[in-house]
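Novice: following is a predicted model, sequence given first.
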Amino acid sequence: MAKVDLRNIVRNYGVQEEEASRFDRDRPALNNINLTIEDGEILSVVGPSGCGKSTLLKVVAGLEFPDQGQVLYNGYDVSQVEPQKRGIGMVFQDYALYPTMKGKGNLHYYFEVHQRTEEEMEERVHEIARIMGVGFDLLMGQKTDTLSGGEQQRVAIGRCIVRDPLVFLMDEPISNLDAKLRESTRMEIKKMLRKFKVTTLYVTHDQQEAIFMGDRIVVMRQGNLEQVGSYDDLYYTPSNLFVATFIGAPPMAILPVSHEGGTLTLADGQTLVLPDYIAGELPTGAMRMGVRPEGWMLGEGLTLPVRHIERIPTEQAAFIHGSIAEKNIAAVAPLDYPQADQVQMMPNWDQIYFFSAEDETPLYTPGVPELF
Ligand code: ADP
């Protein structure tokens, strides 16, 4: 296993001028990245399409070499080492199995090529099959081109783990699977990674998946790391407005307000009185207030004209959708909240965020609560 350090990594694909509009950028795909993946840690990477997630993974793998900076495995500089010499395992969205071999052959292959003992191989394959759960033994006996997408991906992951990789790299490994299979497969992947304590970089566009898989989560934007931390860190202490609105769905509402002596005035003239402990932290003047759907309390307060109520029986909750001064707002309500043209609501001051009016700097965040 390994600790991975990325130091001042720059990767610039050097897009030609005529291509620049197609790629919509003239910036590096990775712009001075510093990041450590601890030994045995699962690090998820999320961010909008094109933000550099796959390039980051490829640089760790050696499929792309950095233009500047270093990639260290356990302190050794592997920046210019070919991927096949790095001792890594990789699983991509398009699984790459040896199609004519049976599932088991796919797992055995490495041991045959590397002339490991039969015993060692059987033991490890058996262990993987046990952890992969019910049904995996059956997959072992089938040719891989007769397996379904989900089954193939499970074999592909098993094949990687069998090799005892220093670092495991996964790029959207389950996004081809249907929703139900995704849930069970991600559970299995996590179980395996936990059991074998493999250092893992897990790239996904799916925030929920990133949260589920990762010990820590990296949020990227336009080639930069915006924040690295636990889910709680990202949720309660976002480093900027981008992270705040990226984490959570429906996203945090952002309302322009003006602060004067503990009173907030919204763009439509409605006012709110701040508790002293927050007012004392805020400057006077224009700023932006952030409220998540779960950060509203129904009752007295602001008036929200209702656009529609979205009821979600699986969550036993509803979202009330509307807008104030042309800014979209969603508020969590009980599932059976009655139909209404407008509702009264207040921010829960324990769940309120403020950002600068000019840039994305946070002025006030709730901080991670001591829940447990
Ligand atoms: P993500 O995985 O987050 O969608 P990528 O790492 O694939 O992002 O891409 C980051 C940026 O680099 C994007 O602007 C993309 O267009 C560009 N890019 C990726 N691969 C290449 C390539 N082979 N040649 C030129 N530009 C590329």
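Specialist: Happy to help now that I have it.

Novice: what is residue 312 paired to in the beta sheet?
Specialist: Counting by DSSP bridges, residue 312 forms beta bridges with residue 317.

Novice: from start to finish, how long is stretch 312-329 in a straight line?
Specialist: 17 Å (C-alpha to C-alpha, to the nearest Å).

Novice: neighbouring contacts of that stretch?
Specialist: For stretch 312-329, contacts defined as C-beta atoms under 8 Å, 6 or more residues apart in numbering pick out 250, 253-256, 266-268, 270, 291, 293, 296, 302, 304-311, 330-337, 342-343. Quick note: C-beta positions are derived from backbone N, CA and C, even for glycine.

Novice: which among those count as buried?
Specialist: Neighbour counting by 16 or more other C-beta atoms under 10 Å classes 253-255, 266, 270, 291, 293, 296, 302, 304, 306, 309, 330-333, 337, 343 among the contacts of stretch 312-329 as buried.

Novice: restricted to helices, list those residues.
Specialist: With helices taken from DSSP state H, there is no overlap with the buried ones among the contacts of stretch 312-329.

Novice: okay, now the residue in the stretch 251-372 of the chain that the ligand sits nearest to: neighbour count?
Specialist: Using C-beta to the nearest ligand atom, the single residue of the stretch 251-372 of the chain nearest to the ligand is residue 251, 18.9 Å away. The burial count assigned to residue 251 is 15, neighbours taken as other C-beta atoms under 10 Å.

Novice: contact partners for it?
Specialist: So residue 251 contacts 245, 292 (C-beta under 8 Å, 6+ apart).

Novice: is it in a helix, a strand, or coil?
Specialist: Three-state call for residue 251 (DSSP: H, G, I helix; E, B strand; the rest coil): coil.

Novice: any idea how far it lies from residue 196?
Specialist: As defined by C-beta to C-beta, to the nearest Å, residue 251 lies at a distance of 36 Å from residue 196.

Novice: got it, and residue 11?
Specialist: Look at residue 11 and residue 196: by C-beta to C-beta, they are 29 Å apart.

Novice: which one's more surrounded, the two?
Specialist: residue 11 (22 against 19).

Novice: any idea what that one is bridged to?
Specialist: Residue 11 has these beta-bridge partners by DSSP bridges: residue 30.

Novice: contact partners for it?
Specialist: Here residue 11 is in contact with 28-30, 52, 55, 59, 64, 66-67 (criterion: C-beta under 8 Å, 6+ apart).

Novice: which residues does residue 342 form a beta bridge with?
Specialist: Beta-bridge partners, per DSSP bridges, of residue 342: residue 305.
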